[in-house]
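S.K.: pasting the structure only:
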Ligand code: NAP
C-alpha cells in the first residue's frame, strides 16, 4: 500500500491570496519529495487545535502568517534566537512530535540584498513601519551590523518602542524624516501600504531627499506606487517577491534538510504572481 503524502501547510486567516503553495509545491515536486503543501485557514479560536495537529507523524510543519505569527510563539516547544528577537514565528518544524519555531523572514529579507552585492555592514537604512515585518528586519539589520538604522512609523510611539528595544533611532514619518533619508543607502517599506496600487507610506516628494545611489526596497510583493515613484527619480528598487521566495526556501530547508531548488521556486513564484495580477486587473 502506498504511504500517504507528507503534509505541510500555511496557517493564517485568511490565506487564500498566498503565493506560497505554488512555489513550495513545485519545490517538493522538483526534488521528488512526496509532500503536499496545503492552505490551512485558521481562525484564532481554532489555533490550539491546529498546532496540536502539527505534532502528528507525517506532518513536516507549517508556515505561519497574519495574524498568527506572534501567537505561534507560545504554541511551539522551542524557539530559535532570531524568532525570539523578532517576537514572531513564521515557520514551524515537527521533529518527532516536538515543535520548533523559527523566523525565516530574517534571512529572507537579507538574501535579495546579498544577491545584489550590497555591502550590508556599511549601510545606513531607513525602515518605514513598526509591525511584525519591521521587527524581523531590525533583527536582520542587527545581525549584519548596519552602520545606522532609523525607524519611522505612522504611530510614532511604536517606532520609539522599537528604537529602545533594538538600539536604533526613531524619526517621525513626515518632513522631519528628510535628513535621515539624505544619509540613507537603503529605504525599506515594511508598512502594509501599497497593496492597493494607489497609496504611498510617505509623501513621494520625500524621496527627493535620498542620495541618487540609494536603493528602495518594498516588502510588498507587487510593483507599488512607492517603487514606481522611486524609479521615476532614477533610483534602484527591489520588490518583496525575492524576500517571499527566500523565506520560503529557508522554511523548505528546515522542513526537509535538503537544499531548496531556488530556480524552480523563483520561476513558479513569478508565474503565480503574474496569474494573480491578470485575475485582479
Ligand atoms: P503589521 O504588523 O500589521 O504592521 C503594519 C504596519 O503598517 C504598521 O507599522 C502600521 O503603522 C503601518 N501602516 C498601516 N497602514 C498605514 C497607513 N495608512 N499609513 C502609514 N502606515 C500604515 O504588518 P506586517 O506583518 O508588519 O506586514 C507589513 C507588510 O510587509 C505587509 O504588506 C506584508 O505583506 C509585508 N510582508 C512581506 C513579506 C515578504 O516576504 N515579502 C514578509 C512579511 C511581511 P501603525 O503602527 O501606525 O498602525
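M.R.: Happy to help now that I have it. Since the model is a prediction, treat every value here as computed from it, not as a measurement.
S.K.: Residue 107 belongs to a helix, doesn't it?
M.R.: Yes: judged by DSSP: H, G, I helix; E, B strand; the rest coil, residue 107 forms part of a helix.
S.K.: Compute the number of surrounding residues for residue 167.
M.R.: Residue 167 has 10 neighbours, counted by other C-beta atoms under 10 Å. Every residue, glycine included, has its C-beta placed from N, CA and C.
S.K.: residues contacting it?
M.R.: Taking C-beta atoms under 8 Å, 6 or more residues apart in numbering as the contact definition, residue 167 lies against residue 142.
S.K.: Next: residue 44.
M.R.: Residues near residue 44 by C-beta under 8 Å, 6+ apart: 13, 67, 68, 71.
S.K.: what residues are up against the last one?
M.R.: So the one you mean is residue 71. Residues near residue 71 by C-beta under 8 Å, 6+ apart: 44, 47.
S.K.: quick one: pLDDT of it?
M.R.: Note on residue 71: pLDDT of 96.
S.K.: Now it: phi and psi?
M.R.: phi -70, psi -30 (degrees, to the nearest 10).
S.K.: any idea how far it lies from the ligand?
M.R.: Distance check for residue 71 against the ligand: by C-beta to the nearest ligand atom, to the nearest Å, it reads 13 Å.
S.K.: and if you look at residue 65?
M.R.: For residue 65, the distance to the ligand - C-beta to the nearest ligand atom - is 8 Å.
S.K.: if I look at that residue, how far off is residue 10?
M.R.: For residue 65, the distance to residue 10 equals 6 Å [C-beta to C-beta, to the nearest Å].
S.K.: list residues touching both of those two?
M.R.: Contacts common to residue 65 and residue 10, judged by C-beta under 8 Å, 6+ apart, are residue 18.
S.K.: So, low pLDDT: which residues of the stretch 1-150 of the chain?
M.R.: For the stretch 1-150 of the chain, applying pLDDT under 70 flags the ranges 1-2.
S.K.: That one against the ligand: which residues are in contact?
M.R.: By the rule C-beta under 6 Å from any ligand atom, the part of the stretch 1-150 of the chain lying against the ligand is 66, 105, 108, 129, 130, 131, 132, 133, 134.
S.K.: can you name the two of those residues that are farthest apart?
M.R.: 108 and 130 (19.1 Å; C-beta to C-beta).
S.K.: got the contact list for stretch 133-150?
M.R.: Contact with stretch 133-150 is made by 82, 85-88, 103, 105-107, 109-110, 120-128, 151, 153, 162, 166-171, 177, 180, 183-184, 188, 190-191, 219, as judged by C-beta under 8 Å, 6+ apart.
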